[in-house]
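> the sequence and its predicted three-dimensional model are supplied below.
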Amino acid sequence: MASDALFRPFTHRSLTLKNRIVMAPMTRSFSPDGVPTPDVAAYYRRRAENDVGLILSEGTVVKRPSAKNDPNVPDFHGEQALAGWKRVIDEVHAAGGKMGPQLWHVGSARNPMSTWAAPPPVDAPSGLSSPGKKFTEPMTDEAIADAISAFGQAAADAKRLGFDVVEIHGAHGYLIDQFFWAGTNVRTDAFGGATLAERSRFAAEVVKSIRAAVGKDMAIILRLSQWKQQDFTVKLAQTPKEMESWLTPLVEAGTDILHCSQRRFWEPEFEGSELNFAGWAKKLTGKPTITVGSVGLSGEFTAAFRGESSKPASLDNLLRRLERDEFDLVAVGRAILADPQWARKVREDRHDELQDFHKEALARLA
Ligand SMILES: Cc1cc2nc3c(=O)[nH]c(=O)nc-3n(C[C@H](O)[C@H](O)[C@H](O)COP(=O)(O)O)c2cc1C
């Protein structure tokens, strides 16, 4: 199938993209002491040079003591780290690309690959790392207010440095998602509650803080997932109605684009319809959405961490859905991590040159 649908331009607020391909945010841990190096800038620049429409950075953390769980994850605060990010965005722009940082706070999710521990306090809505598993004390009101304003400050810095967009990491069982999930949020104050809509309050406050920091023109992307790293079978929203109650306050708070994380983009979100998560999010909110999950590869990404390789896979199903405007943008993770030329090869129909994904790709910045 022709890949033209992927190469239509896209505009929303001040964000204009030459095509629909988004580099998915991927933690690389090549930033010693939190400072992105010139190699990190060159890694992103290579994707900009090779037709990636929008680059989302690896998760980069806001200023809270334990926002990260690995010392080589980049910070998005402090003079040196921000100078590193300035180089990144300048190189991406020089290559004709567009980019946003993915603003992250891991909450109580620890890194299974590392024994490193950030200084306390660890932030978690109810002090739990997974349902029933106490890890630390519940966040105080002061910690919640400080975390919200740390996201706003990071977004203000992103705008000042010249980034085109910001993405909030609200997915995969990290801090913001720990507020959404009844399994990790048993608070009884205004940041907790029996309904998903009530537990969306923290995320909505983060979005509002970012909107106040960046003004009305800069697009804000919010990444969400039903699944958690603590439990892949969790679904926050069991029905379209519940999904609507989750997403509506987030959109009203100022979210422009919803980035709907699935491990396999073709899986229907609810019975009785083929629509995936991004399809439903677009239908329910009217907002543009990004889909993701095993685009162009045979296997999904958590298996890749366990060492499984993947082969290039057909894009036809994805293209059919994109042509129907089920969603607006398509994030691609491992295929672009391993091969900076992936988007260019697709545009030029060089499908036989697309590469397999092997775990070894994670060990270097290609
Ligand atoms: C090495 C690696 C690091 C990742 N780090 C992040 C991250 O920092 N933030 C995030 O939201 N998702 C992260 N993800 C998930 C990806 O953004 C993406 O959703 C996932 O890899 C599925 O896309 P794919 O099948 O095209 O690889 C990571 C994935 C990989 C493979």
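Cool, the structure landed. Because the structure is predicted, anything quoted here is derived from the model rather than measured. Numbers count the residues shown, from 1 in each chain.

> near the ligand, which residues of the protein?
Counting by C-beta under 6 Å from any ligand atom, the residues of the chain close to the ligand are 24-27, 58-59, 102, 169, 171-172, 223, 261, 292-295, 297, 300-301, 304, 332-335, 362. Placement of C-beta: from N, CA and C, glycine included.

> and residue 109, how many neighbours?
For residue 109, the neighbour count with other C-beta atoms under 10 Å is 23.

> could you pull out the helices in the protein for me?
38-49, 79-94, 141-161, 175-180, 196-199, 201-214, 240-252, 277-285, 301-305, 316-323, 334-338, 342-347 (DSSP state H).

> distance between the shortest one and the chain's centre?
Going back to what we said before, that points to helix 196-199. 21 Å (C-alpha atoms, centre = their mean, to the nearest Å).

> which helices and strands does that helix pack with?
helix 175-180, helix 240-252 (3 or more C-beta pairs under 8 Å, 6 or more residues apart in numbering; DSSP states H and E).

> so which of those helices is the most packed in?
For those, average neighbour numbers computed from mean count of other C-beta atoms under 10 Å are highest in helix 175-180, which has a mean of 28.

> identify the residue spatially nearest to the residue of the stretch 201-350 of the chain found nearest the ligand, adjacent ones excluded.
As assessed by C-beta to the nearest ligand atom, the ligand sits closest to residue 333 within the stretch 201-350 of the chain, at 2.6 Å. Excluding its sequence neighbours, the residue lying closest to residue 333 (C-beta to C-beta, 6 or more residues apart in numbering) is residue 24, at 3.8 Å.

> gap between stretch 27-44 and the chain center?
The answer for stretch 27-44 is 17 Å, by C-alpha atoms, centre = their mean.

> may I see the helices of the chain arranged in a markdown table, with mean pLDDT as well?
Below are the helices of the chain laid out as a markdown table (pLDDT from 0 to 100):
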| stretch | mean pLDDT |
| --- | --- |
| helix 38-49 | 98 |
| helix 79-94 | 98 |
| helix 141-161 | 98 |
| helix 175-180 | 98 |
| helix 196-199 | 98 |
| helix 201-214 | 98 |
| helix 240-252 | 98 |
| helix 277-285 | 98 |
| helix 301-305 | 92 |
| helix 316-323 | 98 |
| helix 334-338 | 98 |
| helix 342-347 | 98 |
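
> deepest-packed of those helices, please.
helix 175-180 (a mean of 28).

> packing partners for it?
Looks like helix 175-180 contacts helix 196-199, helix 201-214, strand 219-225 (3+ C-beta pairs under 8 Å, 6+ apart).

> show residues contacting the last one.
Contact with strand 219-225 is made by 12-15, 25, 56, 100, 102, 155, 164-172, 177, 180, 203, 207, 210-211, 214, 247, 250, 254-262, 277, 281, 290, as judged by C-beta atoms under 8 Å, 6 or more residues apart in numbering.

> quick check: angle from that strand to helix 201-214?
160 degrees (axes from the mean of the first three to the mean of the last three C-alpha atoms, to 10 degrees).

> name the nearest residue to residue 358, sequence neighbours excluded.
That would be residue 309: by C-beta to C-beta, 6+ apart, it lies 4.9 Å from residue 358.

> now do the one you found, the pLDDT please.
Per-residue confidence at residue 309 stands at 95 (pLDDT).

> same check, this time on residue 113
Confidence score, pLDDT, at residue 113: 81.

> and the nearest residue to it once chain neighbours are set aside, what is it in contact with?
Spatial nearest neighbour of residue 113, excluding adjacent residues (C-beta to C-beta, 6+ apart): residue 70 at 7.7 Å. Shown in contact with residue 70 (C-beta under 8 Å, 6+ apart): 27, 29, 111, 113, 114, 116.

> give me the number of residues near the second one?
What it means is residue 29. 16.

> touching, it and residue 69? I think so.
No. Taking contacts as C-beta atoms under 8 Å, residue 29 lies outside contact range of residue 69: 10.3 Å.

> from the ligand, how far out is the residue nearest to residue 113?
10 Å (C-beta to the nearest ligand atom, to the nearest Å).

> ditto for residue 197
Applying C-beta to the nearest ligand atom to residue 197 and the ligand gives a distance of 23 Å.
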